[in-house]
Every structure is written in C-alpha cells, then in structure tokens.
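A.B. asks: Next one to model:
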Amino acid sequence: MKKFILFAALLFTLPFIAQEHKNTITVIGETKKTVQESGYTVLIGLQQVIYHGGQQEVEATSLADVTKNYADKLADLRIDFSRFRRNTYYELAMSYSQNRESAYYSFTTDDIEEVRKIIQLNLAGMTIVYNEVLAKELTNDQLVELSEAAIANAKLKAKAIAKKMNKTVGDIVNISDSNTNEQYIQNYGIITTQPYDVTVVFELN
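C.D. replies: All right, here's what the predicted structure looks like:
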C-alpha cells in the first residue's frame, strides 16, 4: 500500500517538474575596453658600495652616503627625494638574498618625464628594480555600458546558435559578470585595448 501511494505521488509531481525545467543556452558575450594610463611607479634599490680587497670585502661607500648622493642627484633634476616612499615589504622579501646593507624606495608620479629622468640616472649603488604603468579605474557607469554591449553581443550569438537548432531565444535567466573597476596595462602599455566578457544564460524555446 505504501509503495502504491509513493508511486502515485511521483506520477502526480512529474508533470510539474517537467513544467518547471527550462532549456537554456549559455553564451559568452564580448566587447572591447580601452585602458588609459593614470600614472607610473618606479621601484629603486640603494645599496652600500663595496670592493674586494684581497680576500676581504671593503666598504667603499656606506648606504647613508649612497642615499645622500642619490638625493643630491635628484635635486639637480628638480625631483625631491622626500617624494620617495620606503618599501619595507620588498626589503623583507629580498632580505634572504642580500649580502650588503640595502634600502628600497617607490616613486609614483603622473609625469612621464620624471620617470625618464629617474631611469636614466646612473649612480654607484643605485639600481632600477622595476617600473610600472598604472591604469585608470573604470567608473560604474562605464562598467554598466560595457556589460550592456557584451550582453547584446551574447544575445546575437545565442540567436544565431538557436536558429541552427530550429529554436528561439527567450528571456535572460542568469548573468555572470566578474569585471571590476580596477584595470591593468598589458605588455608595457603597447596594447591598451582589452577584451571584456560577460557570461549570459538565455531560455531556449
């Protein structure tokens, strides 16, 4: 008797399950975004200068003197060393491989000419660790506009695929958009146009 009741209940619910189930099609919509520069960051390293005297290493210039010399050279270029910020995180990361007293400083500017002056400056005990082009963040309005364009592209793709299947595209069931305001520059700023993708799920009728 219990088995009969369970079987009857299953038969009763199956039509409703079938009605709730919807065929869908998932498509990646694409468009392009243009990434703009907002500034530049340069990381420099300052180290004491040593030379090998016989079997011993002898200090030629202390870190304090190297730092002062560098600050003086910057002043000649009309760049104030006080604008540099000590990068203790990088110092800690590199501490295992350092065999002399060192200090690292980050410099951020929106003036490319200042970056060029710093990169071209040659001084014993100073090295350019890396430089980075900073990207301007996208506004919320820009993100919405790009997503709308990507969704429109996804709908075109979905319609073309559905037509091949003798079906039609219905309402949007789900949108997955992982794009954020923060941007980045690829390939040292050579490529400023980047893809912008959104995943869209449509009903398939």
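
A.B. asks: where does the closest residue to M165 other than its chain neighbours sit relative to N131, distance-wise?
C.D. replies: Here the nearest residue to M165 in space, its sequence neighbours aside, is L204; by CB to CB, 6 or more residues apart in numbering that works out to 7.7 Å. Using the backbone N, CA and C atoms, a C-beta is placed for each residue, glycine as well. Going from L204 to N131 by CB to CB, to the nearest Å gives 50 Å.

A.B. asks: quick one: which helix or strand includes the residue most central in space within the chain?
C.D. replies: For the chain, Y184 is the residue whose C-alpha lies nearest the centre (CA atoms, centre = their mean; 4.4 Å). Under DSSP states H and E, no helix or strand contains Y184.

A.B. asks: Contacts only, for it.
C.D. replies: 35, 135 (CB atoms under 8 Å, 6 or more residues apart in numbering).

A.B. asks: and what of E132?
C.D. replies: 40-42, 185.

A.B. asks: Same check on V201?
C.D. replies: Contacts of V201 (CB under 8 Å, 6+ apart): 24-27, 172-175.

A.B. asks: Narrow those to those in strands?
C.D. replies: 24-27, 172-175 (DSSP state E).

A.B. asks: Just send the contacts of V201 back as TSV, with distance to R85 and pLDDT too.
C.D. replies: Below are these laid out as TSV (distance: CB to CB, whole Å; pLDDT from 0 to 100):
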residue	distance to R85	pLDDT
T24	51	90
I25	51	91
T26	46	94
V27	46	95
I172	47	93
V173	49	93
N174	44	94
I175	41	94
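
A.B. asks: now the helices for the protein?
C.D. replies: For the chain, helices defined by DSSP state H occupy the ranges 2-20, 63-76, 88-94, 112-120, 140-164.

A.B. asks: Distance from the chain centre to the second one, please.
C.D. replies: Spelled out, that is helix 63-76. 33 Å (CA atoms, centre = their mean, to the nearest Å).

A.B. asks: Equivalent analysis for the longest one, please.
C.D. replies: Here helix 140-164 is found 24 Å from its chain centre; the criterion is CA atoms, centre = their mean.

A.B. asks: Quick check: buried residues in that helix?
C.D. replies: 143, 146-147, 149-151, 153-155, 157-158, 162 (16 or more other CB atoms under 10 Å).

A.B. asks: Repeat that for the third one.
C.D. replies: Burial within helix 88-94, assessed by neighbour count using 16+ other CB under 10 Å, is assigned to Y90.

A.B. asks: Give me every residue in contact with that helix, excluding its own residues.
C.D. replies: By CB under 8 Å, 6+ apart, helix 88-94 touches 43, 102-104, 129.

A.B. asks: same question, the second one
C.D. replies: Outside helix 63-76, the residues that touch it by CB under 8 Å, 6+ apart are 44, 46-49, 61, 80-81, 101-103, 118, 121, 123-126.

A.B. asks: Same check on the longest one?
C.D. replies: Applying CB under 8 Å, 6+ apart, the set of residues contacting helix 140-164 from outside is 25, 27-31, 33, 138, 168-169, 172, 175, 177, 179-181, 196-200, 202, 204.

A.B. asks: average pLDDT for it?
C.D. replies: Averaging pLDDT along helix 140-164 gives 95.
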